[in-house]
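# okay, sequence plus prediction incoming.
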Amino acid sequence: MESQDAPDGPEVHRAFICASFNQDTTSLSVGTKTGYRLFSVTAADKLDCIHEGVECPDVYIVERLFSSSLVVVVSLSMPRRMNVYHFKKGTEICNYSYSNNILSVRLNRQRLVVCLEESIYIHNIKDMKLLKTLLNTPINPSGLCALSVNHSNSYLAYPGSATIGEITVYDANNLSTMTLIQAHDSPLAALTFNASGNKLASASEKGTVIRVFSVPEGQRLFEFRRGMKRYVSISSLSFSADAQFLCASSNTETVHIFKLEQHSPSQEEESPTWSAYVGKMFTAASTYLPSQVSDMMHQDRAFATVRLNMFGLKNICALATIQKLPRLLVASSDGNLYIYNVDPQDGGECVLVQKHRLFDTSEEQVEDKEEEKPEDDLPQPASQSYAATVALPSTPPSSTTLMGYSEDGGAQKGELIPEHEFAEGPVCLDDENEFPPVSNQSN
């Protein structure tokens, strides 16, 4: 799957729709016009496609649960329907239909969360029972939310406002709101938890500042400045497994890696250098300056960077340890996965060590033939954003729905809560034992 001769121009690959890494960054899921693909990313020199699903075309959401056989898929042809598959057995575990288009899905070993524009559904992943419906949440057109992969806390973060950067942190295990964090002045653009769920990183639509908060306290721990010259759209944030580093990608050609380290006063006293002396002067002076200037003095810059050979393309990034070395992974809508070495001691410019093509040459030839068909026969173009694509008019699936039930007061405002249809017979994820099979039952 190595790619050395892929075109370098900033073009979206015709078959690409979406991509996501699993919870421990051992697998990459890619949604395509023909279905979805699952890749193993445990080696730098090769990219193995471990499964290709063709159950439904035009997949714009695909999420895999760790390294198990459970995969969640949503298609542009039925954007209100979520399908849960056991991909190794080729069976459907269940499906749910919702009252509006699905914008994002998040899951860990305890919970599965479905985010619509103005509501959030929380399921128990062990039996897919609907546990809680959060109705009338602030308008969230991109479906922005984050779920802690640590199922012992299962913290859920989502925008608490559509106009400012307020974060609601919700306990998806105990089904209660934990805290509200006033993170940014502008609306939120990105959210992510670290592996243990005790840190939460956020960025606003301006994209100039990235902040890290403690969870559930909501105390600001770190503040990083991505840049000052221009506003950017940050597309992904991701912690390293040990939460020592945080990477951020955007619609620019630069990926930033920040180091989460506290500058203790004792270290400064042990090394009375000129820079330490100047730093103390700035710290003292900042107490007399306007808050915006003072904040800039306390903001750390990037520890390491990557210069991509593209601009304006959507991509997602992740930090992983592959073959005992720290790596940065960038999956781009140009149809490639880029793997970089990261120097954990000195940082600096990261070195590209491998470029893998997510689609082979024969598929591109098939795509060329499809382009010759009439436009009416073609699916929606893949170059649109996820939210813009699922917002297109579509015929909702013809499935039975029930009047909504909410633990906050039963049926409310005619909201619809889906009736699920389970696959024939129980399905067991025999390659992972973290939860029992889904059984035949109904609400």
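Looks like it arrived, so ask away. Residues are numbered from 1 along each chain as shown.
# so where's the stretch 251-400 of the chain uncertain?
263-299, 361-400 (pLDDT under 70).
# compute the distance between Phe222 and Thr26, please.
Computed as C-beta to C-beta, to the nearest Å, the Phe222 to Thr26 distance reads 27 Å. To be clear about C-beta, it is placed using only N, CA and C from the backbone, and glycine gets the same treatment.
# now swap in Asn140 and tell me
With C-beta to C-beta as the criterion, Asn140 and Thr26 are 29 Å apart.
# and for Glu223?
Distance from Glu223 to Thr26, by C-beta to C-beta: 31 Å.
# so what's the closest residue to Tyr155 other than its chain neighbours up against?
Nearest residue to Tyr155, sequence neighbours excluded (C-beta to C-beta, 6 or more residues apart in numbering): Ser148, at 4.3 Å. Going by C-beta atoms under 8 Å, 6 or more residues apart in numbering, Ser148 touches 108, 154-156, 193, 196-197, 215.
# recalculate using a threshold of 6 Å.
154-155, 193, 197 (C-beta atoms under 6 Å, 6 or more residues apart in numbering).
# report the two of those residues separated the most.
Ser154 and Phe193 (10.1 Å; C-beta to C-beta).
# pick out whichever of those two has more residues nearby.
Phe193 (26 against 23; other C-beta atoms under 10 Å).
# quickly list what that one is bridged to.
Per DSSP bridges, the residues bridged to Phe193 are Leu200.
# quick one: Val72 from Lys324, how far?
31 Å.
# so between these two, which is more surrounded?
Neighbour count, other C-beta under 10 Å: between Val72 and Lys324, Val72 has more, with 23 against 5.
# tell me what the more buried one is bridged to.
Glu63, Val84.
# if I look at it, how far off is Leu103?
Taking C-beta to C-beta, one finds Val72 at 13 Å from Leu103.
# where does pLDDT dip in the stretch 1-150 of the chain?
Residues of the stretch 1-150 of the chain that meet the cut-off, pLDDT under 70, sit at 1-10.
# which stretches in it count as helices?
In the stretch 1-150 of the chain, no segments count as helices under DSSP state H, counting those that start in this stretch.
# what's the answer for the stretch 151-300 of the chain, then?
Under DSSP H, counting those that start in this stretch, the stretch 151-300 of the chain gives helices at 265-270, 274-286, 291-297.
# state the next helix or strand along the chain beyond the last one.
Past helix 291-297, further along toward the C-terminus, the next helix or strand under DSSP states H and E is strand 304-307.
# which residues does that following strand contact?
253-257, 340, 342, 347-348, 350.
# swap in stretch 348-358?
1, 3, 6, 30, 44, 47, 304, 306, 328, 335-342.
# please redo it, this time with the cut-off set to 8 Å
1-4, 6, 13, 16, 30, 37, 39, 44-47, 257, 304-307, 327-328, 331, 335-343.
# mind listing what's buried along that stretch?
Buried positions in stretch 348-358, judged by neighbour count with 16 or more other C-beta atoms under 10 Å: 350, 352, 354-358.
# and for stretch 214-228?
Buried positions in stretch 214-228, judged by neighbour count with 16+ other C-beta under 10 Å: 215-216, 218, 222, 224-227.
# those residues in strands, which ones?
Counting by DSSP state E, those place 222, 224-225 in strands.
# would JSON lines of those with distance to Asn22 be doable?
As requested, these are exported to JSON lines (distance: C-beta to C-beta, whole Å):
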{"residue": "Phe222", "distance to Asn22": "26"}
{"residue": "Phe224", "distance to Asn22": "26"}
{"residue": "Arg225", "distance to Asn22": "30"}
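# lowest-confidence one in those?
On pLDDT alone, Arg225 ranks lowest of those, at 89.
# that one and Arg211 touch, don't they?
No: shown here, Arg225 and Arg211 do not form a contact pair, counting by C-beta atoms under 8 Å, at 10.4 Å.
# joint contacts of those two?
Common neighbours of Arg225 and Arg211 (C-beta under 8 Å, 6+ apart) do not exist.
# rewinding a little: so which of the contacts of strand 304-307 wins on neighbours?
Busiest of the contacts of strand 304-307 [other C-beta under 10 Å] is Ile257, holding 27 neighbours.
# these two touch, right, that residue and Phe239?
No: in this structure Ile257 lies outside contact range of Phe239 using C-beta under 8 Å: 10.8 Å.
# of the buried residues of stretch 348-358, which is the nearest to His86?
Among these, and counting by C-beta to C-beta, the member closest to His86 is Leu358, at 23.4 Å.
# roughly how far does that closest one sit from Gly31?
11 Å.
# Met128 now?
Taken as C-beta to C-beta, the span from Met128 to Gly31 is 21 Å.
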